[in-house]
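Enquirer: let's see this in three dimensions:
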Amino acid sequence: GPGLQALCASHTGSLLLAVHFYSSPGLTPLIPSTALGVLLLILSALLAYAGIRRNLRNSSLLVSLCLTLSAFWSAYGVILILAGQGLLPEPQDARDALVPGLATFTLALLLVALVGFLCREPVLALVAAAVSLASAHEVALHYSSSLGPSAVACSHLLVCLVGGYFALGRILCVLSKGKVALPGTDLAEKKSQEQGWGSAGSTNPFAAPGLLLNMLAGSVLGCRLLGVTHRLFLGQVPWLWAAGTFQIGICVLSYRAMDVLMATAFGFTSILKFAAGYSLLYPTWQPEEPHFPTPFLVVFSILFAVLALFLSLQSPVDGLYLLVFVAYCISLACSPRGFFAGGPQGVAVAIFVASALVALVHLYNGRARAKILPGKGAVKALLAHSNLLKLREGPELHAPYLGYSRYADAEVLAYACSVLASFALTATGDPQAPLSTIVIPWVVVAGGILKLLGGSVAFARGKTLESSAFILYSILWIIWGLTRFGGLYGPARSFHAAVGIVAFILFNSFIVFCSLFLNMAWFFYSLTFMLVAVSFLLDAIHALPAGYDIAATLTFGLVSFYCFLAALCSSTFEGCCLPLGRPVVQLGGVGAGTTKCLHLPARKASSVKRIADILRNGGTCGIPTDTVYVLVAACSRPDAVEKAHRSKRQAQDRPMSLWISSLKQLEPAKHLFTPLLWDFMEAAWPSPISLVIPRGEWVDFLGMKDSAKYVGTPRSVAIRIPDCSVTTHLIDLVGPIVVTSANPTGEADTTHHNQVYAKLGDKVDAVLCGGPSPENIASTVVDCTKIDSGNIGFFRVGIIPKSQV
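Expert: Reported below is the predicted structural model:
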């Protein structure tokens, strides 16, 4: 499995590094550093894949080890490539570039190893300890020539031996079908141990590697302050950008782990890492250092503080930890030199220490029975006394309004990024050197990449309009943000740029129109974004009035900030504290199902029982079947059957059919069927085949009463037993049901519960939600009225072909 793959990747990487260090005392290295860098990048991709693919519930340590090693080797690989291409010419350049990262990973992997030994994971702990030892030796190697590189190589060889031992154990275990297992390699034994440990899987396993990556950025700046490195320069950018890139990945994974607040925090910290990398990169092509515009950082510190407040309700340790980043943003805002000044570097040291401690807490709590510093109970007890605020909890916490989603809601992050990106407008850079003001990271990472991420997650949650808006806005920020703040179109403005922006404005006016039907907040959000687009347009045609940018920024920024607060409140507290408003325009039929119609997940027996109660009380429901979704009513309730008949505006050529759950229900009337027809029914069902049979006295045996006149035609009735356990269970509870397709007559078949809402939301009492239909085609309808003369016909050939019938 992925665990084996992870150890194989780490052991290959270590083998390459061992060879590299053994051969380096000679004149030419055995593996040139460019080649080694490329190989390490490939291996880090494999390791990251293994970390994500690992059966996450039971090994948070392996996830942390894989992702941390992967981030380390990817950055290390890039630095080796830079060195191989001659971009680090001075002798001390390689040292200045490598030491901050190596020192961090020595400590980070030591923490993983420590928790591994405490939680009885010897193989993992040995691998982590050996890589940590190798990094420590390599740091020492940079400072003292007396220590030969062979010490580093030895540590890497230790990783190879442990990895080889584990691989051998797994291979033996697989070949002998579990009879032979070397100690420490038997996963089945581990699984049973872990299941005994209870709910270790309830926390977010990706939080620890994300926190270890925060140490990395802190170390790059902190080493400069402590005099470990001589300068901040291009060679350290890979550490910062690898940490930023991995944190965006961890942000997505945290949404998968249903942890909205930590995901948002990692999104925020990744922006800071990209900004720091950018400011270190800038002096390579310009002699001076770039400068920071203050408004961003003040706003960013406010966003961090609000997030810290909400996060401390979930876990006080993490909330307090985010306050360090508030200090970091404020210290950056106070110093015009930004990351090159002593203040922010001092806070970076604090971030390094705090991240190490909180990561240790997360690593340990992810594995151990006894938790350290949880503190969540205290917050719950405090809020239990308050009548105003109730924390949201329970399994339905992250369920989207319709159906299921694998992701938590990412709107909080998207709104926060709108706030940040909108403040890019206030940065009036020098037109001669537009890049010297650090705006690009905010525009591209915050306004573009993270908003695109928010849009994609919204799309995965079935929010079509919101995702279209976020994706459109992110593209606008990336293209026009780069054009305007990156100086791509220089001092000359062109007609073409204006035409492009006008197209964007047209798109956005369509979104504004659609948001009329969503809610007030979205209407204002999309409307005020128009101001930003108009600002780009006026800039393109050289007609930007003074002060317009500030006005656009403030209005869009404030609306986004309100949406950010509202999204945070609604994801944390029960009952909406900050209202998003009703739709501006209320349409009949659009969103009509939102108020009246129950939606119940089909996976739960309790849902089927509730639907049965509704049907017995004369309701109509939409349910999933073995083919497409259908609208059903109980035969024993003629009023409900009449209602279903009406709600469909049923055409006379599409009569309603009858479903039963087993032939036992027809057993009392068996003498009324010919033997051939009875045998055919026994052979054909349960399946997606409806049989149209002559109408007769047998109908009365099913207790149809007055419903009979709505079912079938005066001469015949279509009847079937569906091949779907949910549907047959429902019929067992209710008795025979009358069925018609869940779509207005003449429209396409309904293949998802969302479509049932959209088409019949205000006409049905409940929908049993089973996600997408197993088939997109309806059942086959066979004419059995003349079966005794040896003829069958087909009214409709559906999922079952004629030959099979």
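Enquirer: next structured bit after the helix or strand bottoming out on mean pLDDT in the chain?
Expert: Across the helices and strands of the chain, mean confidence by mean pLDDT, DSSP states H and E is lowest for helix 593-596: a mean of 51. As assigned by DSSP states H and E, the chain's next helix or strand after helix 593-596 is strand 598-601.
Enquirer: let me see the mean pLDDT of that following strand.
Expert: Confidence over strand 598-601 (mean pLDDT, whole number) is 80.
Enquirer: next: stretch 507-514.
Expert: On average, stretch 507-514 scores 92.
Enquirer: do you know how far the nearest residue to Ala533 once chain neighbours are set aside is from Gly703?
Expert: Leaving aside its sequence neighbours, Ala533 sits nearest to Ile505 (Cβ to Cβ, 6 or more residues apart in numbering; 5.0 Å). C-betas here are computed from N, CA, C, even on glycine. Between Ile505 and Gly703 the computed distance is 63 Å (Cβ to Cβ, to the nearest Å).
Enquirer: okay, the two: which has more neighbours?
Expert: A direct count of neighbours by other Cβ atoms under 10 Å for Ile505 and Gly703 places Ile505 higher, at 16 against 13.
Enquirer: mind listing what's buried in the helix or strand where the more buried one lies?
Expert: Here Ile505, judged by DSSP H and E, is contained in helix 495-515. By 16 or more other Cβ atoms under 10 Å, the buried positions in helix 495-515 come out as 497-498, 500-501, 504-505, 507-508, 511-512, 514-515.
Enquirer: so what's the gap between that helix and the chain middle?
Expert: 29 Å (Cα atoms, centre = their mean, to the nearest Å).
Enquirer: can you check stretch 547-555 too?
Expert: 33 Å.
Enquirer: need the contact partners of it.
Expert: 422-423, 425-426, 428, 528, 531-532, 534-535, 538 (Cβ atoms under 8 Å, 6 or more residues apart in numbering).
Enquirer: again, only this time at 7 Å
Expert: 422-423, 425-426, 528, 531-532, 535, 538 (Cβ atoms under 7 Å, 6 or more residues apart in numbering).
Enquirer: quick one, which of these are buried?
Expert: Listed as buried from the contacts of stretch 547-555 are 422-423, 425-426, 528, 531-532, 535, 538; burial here means 16+ other Cβ under 10 Å.
Enquirer: take those and write them to a markdown table, including secondary structure, distance to Ser468 and pLDDT.
Expert: A markdown table is the format used below for the buried ones among the contacts of stretch 547-555 (DSSP: H, G, I helix; E, B strand; the rest coil; distance: Cβ to Cβ, whole Å; pLDDT from 0 to 100):
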| residue | secondary structure | distance to Ser468 | pLDDT |
| --- | --- | --- | --- |
| Ser422 | helix | 19 | 88 |
| Phe423 | helix | 24 | 85 |
| Leu425 | helix | 23 | 79 |
| Thr426 | helix | 27 | 79 |
| Thr528 | helix | 17 | 93 |
| Leu531 | helix | 20 | 89 |
| Val532 | helix | 17 | 87 |
| Ser535 | helix | 22 | 87 |
| Leu538 | helix | 25 | 87 |
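Enquirer: closest to Ala359 out of the residues you listed?
Expert: Among the buried ones among the contacts of stretch 547-555, Phe423 lies closest to Ala359 (Cβ to Cβ), at 30.8 Å.
Enquirer: ok, the closest one touching Gly557?
Expert: Yes. Here Phe423 lies in contact with Gly557, judged by Cβ atoms under 7 Å, at a distance of 6.1 Å.
Enquirer: just the pLDDT for Leu420.
Expert: 90.
Enquirer: thinking again about what came up before, take the buried residues of helix 495-515 and write them to CSV, including distance to Val756.
Expert: Shown next, in CSV, are the buried residues of helix 495-515 (distance: Cβ to Cβ, whole Å):
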residue, distance to Val756
Ala497, 46
Ala498, 46
Gly500, 41
Ile501, 41
Phe504, 35
Ile505, 36
Phe507, 30
Asn508, 32
Ile511, 26
Val512, 29
Cys514, 22
Ser515, 25
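Enquirer: so which of the residues you listed is the closest to Lys670?
Expert: Minimum distance to Lys670 across those is 57.6 Å, recorded for Cys514 (Cβ to Cβ).
Enquirer: for Ser560, see how far away that closest one is.
Expert: 18 Å.
Enquirer: next: His753.
Expert: Taken as Cβ to Cβ, the span from His753 to Ser560 is 32 Å.
Enquirer: what do you get for Gly790?
Expert: For Gly790, the distance to Ser560 - Cβ to Cβ - is 73 Å.
Enquirer: again, but for Val738
Expert: Val738 is 51 Å from Ser560, by Cβ to Cβ.
Enquirer: check what contacts stretch 798-805 and list those residues.
Expert: 627, 687-689, 775, 777-780, 782, 794.
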